[in-house]
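With the input below, show me the fold.
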Amino acid sequence: MIILALDTASESGGIAIRKEGQIIYETVLYSADGFAHLIFPAIETALQKTGLSLDQIDCWAAASGPGSFTGIRVGLSAVKGLAEALGKRAAGISNLRAMALCGRSDRRAVVKDARRGEVFAAVYDANGEVVSPEVVAAFPAWLASLHPAPAEFIAPAGSAFLGNLPFVEAPSNLAPAIAYYAERDAQKGVSMDPAALDANYVRRSDAELFWKDP
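Below is the predicted model of the structure:
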């Protein structure tokens, strides 16, 4: 199975191609102005460098959020359009779930700044399954609600809300992890109908309030 994955949910993201269980291509992209003008040239470059054609991609995957409203929509629209046009599968993978792949413990607390004093947060197990659902909340209140306390925290660099708590730093490009979970979901028979692809804003009204693009 060959999967091409996009991460466009923040200013730093990228592309990865996973083939038969291995990442064969990865590149980091950065754009403070969004990824709309970068995605298709970057996909073309990825295919050229790997010698693959559009028809050889079995599944198109993208970060489904939470994150930048515009960034998420751009990535999901790109993979949805390509998958529909080519008759292929499409997957949207939560950024928080993708971040959890960086951990090593059985209970991985994943947190990401949601602005205005709150975080996007969830707890996953070692298989990427939800232990505590994704929420938008003040970090201290969310942490106090978890029993038992998480064994491990995973967060982006510069997550000041963690204070002195040690944490595993999530990579700026989550595309390899997105490709990994897309492959896992396909193996488990999860539906990958492009028409059903949608963004993950955790709590829609809150997320749209917190992530307003300039």
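
From Ala36, how far off is Ala90?
Counting by C-beta to C-beta, to the nearest Å, the separation of Ala90 from Ala36 is 18 Å. Backbone N, C-alpha and C define where each C-beta goes, glycine included.

So the two - more neighbours on which side?
Ala90 (24 against 16; other C-beta atoms under 10 Å).

On the pLDDT front, check that one for me.
Each residue has a pLDDT score; the one for Ala90 is 97.

Show me the strands paired with the strand or helix carrying it, marking each as parallel or antiparallel.
Here Ala90 sits within strand 89-94, counting by DSSP states H and E. Looking at strand 89-94 with DSSP bridges, its partner strands are strand 59-65 (parallel).

sorry, back to before: which SSE is immediately downstream of the strand holding Ala90?
Next helix or strand after strand 89-94 toward the C-terminus (DSSP H and E): helix 95-100.

got the domain boundaries for the chain?
The record's domain parsing of the chain by automatic domain parsing lists 2-96+172-210, 104-169.

how about the residue nearest the centre of the chain, what does it touch?
The geometric centre of the chain, computed from its C-alpha atoms, lies nearest to Asn95 (C-alpha atoms, centre = their mean), at 2.9 Å. Applying C-beta atoms under 8 Å, 6 or more residues apart in numbering, we find Asn95 in contact with 7, 9, 63-67, 112, 120, 174, 200.

now do Ile3
For Ile3, the contacting residues are 17-19, 57-61, 91, 179, 182-183, 186, by C-beta under 8 Å, 6+ apart.

can you pull out the helices in this protein?
Taking DSSP state H as the criterion, the chain contains helices spanning 39-50, 69-86, 95-100, 139-144, 175-187, 204-210.

Mean pLDDT for the ones you listed - can I get that in CSV?
Shown next, in CSV, are the helices of the chain (pLDDT from 0 to 100):
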stretch, mean pLDDT
helix 39-50, 97
helix 69-86, 94
helix 95-100, 96
helix 139-144, 94
helix 175-187, 97
helix 204-210, 41
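
Of all the ones you listed, which one is nearest Thr27?
helix 39-50 (6.9 Å; C-beta to C-beta).

ok and the closest one relative to strand 59-65, angle-wise?
For helix 39-50 against strand 59-65, the angle by axes from the mean of the first three to the mean of the last three C-alpha atoms, to 10 degrees is 140 degrees.

Give me the buried stretch members for helix 39-50, please.
Judged by neighbour count (16 or more other C-beta atoms under 10 Å), helix 39-50 contains these buried residues: 39, 42-43, 46-47.

the inter-axis angle of that helix versus helix 69-86?
Put simply, helix 39-50 runs at 60 degrees to helix 69-86, going by the same axes, to 10 degrees.

Find the pair from the contacts of Asn95 with maximum spatial separation.
Within those, two members stand farthest from each other by C-beta to C-beta: Asp7 and Phe120, at 15.2 Å.

Which residues does the strand holding Ala90 contact?
Under C-beta under 8 Å, 6+ apart, the answer for strand 89-94 is 3, 5, 58-66, 76, 79-80, 82-84, 122, 134, 177-178, 181-182, 185-186, 190, 192-194, 197-200.
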